[in-house]
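Participant: sequence and predicted structure are below.
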Amino acid sequence: MSKAAGKLFFAAMALFMALPVIVIAGVALNAKKTLAFPPQGLSADWYLSVLTDPAWRSALLNSVMVAATASAISVAIALPLSWFLWRRVAPWARFVQMLGFSPFILPPVITALGALSFWATTGFYGQPWTVVISHGIFFVSLPLVTITLGFATIDREIIEAGMTMGADDKTLMKTVIFPLIRPYVISGFAFAFVLSLNEYIVAYMTVGFTLETIPIKVFNALRYGYTPTMAAVSVFFILVAVVVFGLVARFGDLPKLLGAWSKGE
Amino acid sequence: MRRSPPQKLSDYLPIAFPAAMLGMFFVVPFGIMVAISVFKRVQGGFYEPAFNFANYARFLTPFFGEVLAFSLGLAALVSAFCLLIGVPFTYLLTKLRRRDQVLWLIALLGVLSLSEVIIGFAWSTLLSRTAGISNFFVWLGLMEKPEAWAPGFGAVLTGLIYQAFPYTVLVLYPAFSRLDPSLMEAARTLGCSPVRSFMNVVLPVMRKTLLATFIIVFIFALGAYLLPQILGRPQHWTLSVLVTDQAIYQSNMPFAAAMAVFLVIASLLLVGLSVMISGRKGAGEL
């Protein structure tokens, strides 16, 4: 492919990927309460109403709270598991790791229905915290992948040196291992956070009727017609994703986190 | 340092929490779901323990057969389109400067993390009569008057490709970025044009990766449940939509569970196949 054709291809793909974002960002600027593009009369009211309208604000808060605690649970499961896999020879630990990956490999409706069955059977269905646990399990594969990758990059000779100096596992973890894998832990948290923020079906099947997160609220709002507020919320969420991944890229090696060789190799 | 087997009971401590959490909140729910799939439905949204395969038998009707065929066909089509665009895209992406690669990866991750609701909302706007792309074509003079392109099959397909494309690229990315550049250099020195060396060298070398990616994206597309609802008509609903519909709106958990179990089996077979194809080693290794 010639250089120009390649450039054109990339430009077309950039347009394809940006088009929905451009349109909803524009729609949210409409002065009237209708959906029109190009916007008719400019107004930033819809962007502000996300923060001032109590219903949207509480959905926003719910989403952020759920995402923050759920991704903390994901990391709390993934970190000791990846450490164990790195430190110990235990074939059955691979089985636990496989369990961690499975919710992400199977169609999400299965995890969602499993969660619904479980919370209904145990009598906790509808409790706000059920979605936090279910999301924590659903997204555990993300920190599991990044932290496992982080452990793989640790030079075992450094640990050897620490051990000969008399450090035990606890000291090694605190002074050597954790500082080395910290960026991977943070990026794993970030991935789980952003995906949980946008997740619909598991949230809907666990607490959909008692606790509205943003995706649930947007979908419910869709049934009663479009409002520019939905568009404004969507833009806000896209920005959050781009900022979070931008920060991950700024402080970590994004291509390497996604499986490319590192720079030197 | 060597990895050592656990010796004392306390060595197991770090894995106790992960194992307990995954067991309690993934394995047990999964088991309950499988159990419910053979239970009997009681009118009013409840079910009682039983052991029958009536829920599975109900699945064997022309209606659900058609939904299944539609879901599989749609997923295959989405997967095919994603590979068709994604393979040359990812290949060219790995040739970019690292800085540009990072920018593209951020954009891809951004789109990947978009909620299906938001993607559906955006595309239904883009394909609508009032605020859609057709207005742009009218403005350009290419069309007489604006048209509504959603809901419809094309809209569902577009939305799903949009959602699955970043996923496709991110699955292909490690393999392509680890591809040995000397292969291409050799082809070029022997007089191959870039396009020919891509077709005759890169693609054959990557065929296992490509097939495995096809299956992975296929399963991803099979899980679609919101886009067919927002962008399609009822005849475009997939198995995932029906599972949700049965569980929430028809209050028929046993039947929903039976469909879900079926979906699990289908997915696991496909995952097994993709693992077999790509081999135990990393997909990028030759």
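Facilitator: Perfect, I can see it now. Keep in mind it's a predicted model, so treat the numbers as computed, not measured.
Participant: list the residues that contact the closest residue to chain B within the stretch 151-265 of chain A.
Facilitator: Of all residues in the stretch 151-265 of chain A, A:G259 sits closest to chain B, at 2.9 Å by CB to the nearest CB. Any C-beta I mention is one placed from the backbone N, CA and C, and that applies to glycine too. Remark: with contacts taken as CB atoms under 8 Å, 6 or more residues apart in numbering or on different chains, A:G259 is in contact with A:149, B:173-174, B:177, B:284.
Participant: swap in A:V89?
Facilitator: Shown in contact with A:V89 (CB under 8 Å, 6+ apart): B:3-5.
Participant: between those, which is nearest B:L183?
Facilitator: Nearest to B:L183, judged by CB to CB, of the contacts of A:V89 is B:R3 at 34.4 Å.
Participant: surely the closest one and A:W83 touch.
Facilitator: No. The pair B:R3 / A:W83 is not scored as a contact, 11.3 Å apart, by CB atoms under 8 Å.
Participant: of those two, who's got more company?
Facilitator: Neighbour comparison, B:R3 and A:W83: the larger count goes to A:W83, with 21 against 12 (by other CB atoms under 10 Å in any protein chain shown).
Participant: which SS class is the residue lying closest to that one once chain neighbours are set aside?
Facilitator: Using CB to CB, 6 or more residues apart in numbering or on different chains and skipping residues adjacent in sequence, the residue nearest A:W83 is B:P14, 5.9 Å away. Recorded secondary structure, B:P14: helix (DSSP: H, G, I helix; E, B strand; the rest coil).
Participant: so for the lowest-mean-pLDDT helix or strand in chain A, what gets flagged as buried?
Facilitator: Sorted by mean pLDDT, DSSP states H and E, the helices and strands of chain A end with helix A:45-52, the least confident at a mean of 78. Neighbour-count burial for helix A:45-52 flags A:45-47, A:49-50 (criterion: 16 or more other CB atoms under 10 Å in any protein chain shown).
Participant: put together CSV for those residues, with distance to chain B on each row.
Facilitator: Below are the buried residues of helix A:45-52 laid out as CSV (distance: CB to the nearest CB, whole Å):
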residue, distance to chain B
A:D45, 18
A:W46, 14
A:Y47, 15
A:S49, 17
A:V50, 14
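Participant: if we can go back for a sec, before we move on, what SS does the residue of the stretch 151-265 of chain A closest to chain B have?
Facilitator: Bear in mind the rule, three-state DSSP; under it A:G259 is coil.
Participant: pretty sure B:F25 contacts A:W119?
Facilitator: No. Applying CB under 8 Å as the test, B:F25 and A:W119 come out as separate, 9.8 Å apart.
Participant: need the overlap of contacts for the two.
Facilitator: Taking CB under 8 Å, 6+ apart as the contact criterion, the common neighbours of B:F25 and A:W119 are A:S134.
Participant: sorry, back to before: ok, of the buried residues of helix A:45-52, which one's closest to B:L190?
Facilitator: Distances from B:L190 to those, taken as CB to CB, are shortest for A:Y47 (57.6 Å).
Participant: please report phi then psi for A:V140.
Facilitator: phi -60, psi -30 (degrees, to the nearest 10).
Participant: count residues in the vicinity of it, would you?
Facilitator: Counted with other CB under 10 Å, residues neighbouring A:V140 total 33.
Participant: so what's it up against?
Facilitator: Counted by CB under 8 Å, 6+ apart, A:V140 has contacts A:73-74, A:77-78, A:100, A:103, A:192, B:22.
Participant: close to chain A, is the helix or strand hosting B:I118?
Facilitator: In this assignment (DSSP states H and E), B:I118 forms part of helix B:116-126. Yes. Part of helix B:116-126 sits close enough to chain A to count as contact by CB under 8 Å from any CB of the partner chain, namely B:116-123, B:125-126.
Participant: would you format those residues as JSON lines with pLDDT and neighbour count included?
Facilitator: Rendered in JSON lines, the data for the residues of helix B:116-126 next to chain A read as follows (pLDDT from 0 to 100; neighbours: other CB atoms under 10 Å in any protein chain shown):
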{"residue": "B:E116", "pLDDT": "87", "neighbour count": "25"}
{"residue": "B:V117", "pLDDT": "87", "neighbour count": "27"}
{"residue": "B:I118", "pLDDT": "87", "neighbour count": "27"}
{"residue": "B:I119", "pLDDT": "90", "neighbour count": "23"}
{"residue": "B:G120", "pLDDT": "89", "neighbour count": "30"}
{"residue": "B:F121", "pLDDT": "86", "neighbour count": "29"}
{"residue": "B:A122", "pLDDT": "87", "neighbour count": "25"}
{"residue": "B:W123", "pLDDT": "90", "neighbour count": "27"}
{"residue": "B:T125", "pLDDT": "83", "neighbour count": "24"}
{"residue": "B:L126", "pLDDT": "86", "neighbour count": "25"}
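Participant: and of these, the nearest to chain A?
Facilitator: B:A122 (3.2 Å).
Participant: quick check: closest non-adjacent residue to that closest one.
Facilitator: With CB to CB, 6+ apart as the measure, A:P20 is the residue that lies nearest to B:A122, at 3.2 Å, once sequence neighbours are left out.
Participant: how close does that neighbour get to B:S124?
Facilitator: Summarising the geometry, the distance separating A:P20 from B:S124, computed by CB to CB, to the nearest Å, is 10 Å.
Participant: do B:L83 as well
Facilitator: B:L83 sits 26 Å away from B:S124, taking CB to CB as the criterion.
Participant: who has more neighbours, these two?
Facilitator: B:S124 (24 against 19).
Participant: residues touching A:V244, list them.
Facilitator: Remark: with contacts taken as CB under 8 Å, 6+ apart, A:V244 is in contact with A:190, A:193-194.
Participant: I'd like the next helix or strand past the longest helix seen in chain B.
Facilitator: Under DSSP state H, the helix in chain B containing the largest number of residues is helix B:62-95. Next in sequence after helix B:62-95, counting helices and strands by DSSP H and E, comes helix B:98-112.
Participant: what distance separates that next one from the middle of the whole chain?
Facilitator: Here helix B:98-112 is found 19 Å from its chain centre; the criterion is CA atoms, centre = their mean, to the nearest Å.
Participant: who's in contact with it?
Facilitator: The list of residues contacting helix B:98-112 from outside it, by CB under 8 Å, 6+ apart, reads A:14, A:17, A:194, A:238, A:241-242, A:245-246, A:249, A:254-255, A:258, A:263, B:93-94, B:96, B:162, B:165-167, B:169-170, B:173.
Participant: these, buried ones only, as a ChimeraX selection?
Facilitator: The ChimeraX selection below is limited to those of these classed as buried (16+ other CB under 10 Å):
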select /A:17,194,238,241,242,245,246,249,254,255,258 /B:93,94,162,165,166,167,169,170,173
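Participant: up against chain B, what does the stretch 151-265 of chain A have?
Facilitator: Where proximity means CB under 8 Å from any CB, the interface of the stretch 151-265 of chain A facing chain B comprises A:156-157, A:159-160, A:163, A:194-195, A:197-201, A:204-205, A:208, A:214-215, A:218-219, A:222, A:226, A:230-231, A:234, A:237-238, A:241-242, A:245-246, A:249, A:254-255, A:258-261, A:263.
Participant: what residues does the stretch 151-286 of chain B put near chain A?
Facilitator: Residues of the stretch 151-286 of chain B lying near chain A by CB under 8 Å from any CB: B:162, B:165-166, B:170, B:173-174, B:177-178, B:194-195, B:198, B:219, B:222-223, B:225-226, B:230, B:240, B:243-244, B:247-248, B:253, B:256-257, B:260, B:263-264, B:267-268, B:271, B:284.
Participant: tilt between the helix holding B:I118 and helix B:98-112?
Facilitator: 90 degrees (axes from the mean of the first three to the mean of the last three CA atoms, to 10 degrees).
Participant: tell me if the helix or strand just after helix B:116-126 is near chain A.
Facilitator: With elements assigned by DSSP H and E, the helix or strand that comes after helix B:116-126 is helix B:133-140. Yes. Contact between helix B:133-140 and chain A is present through B:133, B:135 (criterion: CB under 8 Å from any CB).
Participant: can you give me the buried ones in helix B:133-140?
Facilitator: Judged by neighbour count (16+ other CB under 10 Å), helix B:133-140 contains these buried residues: B:133-135.
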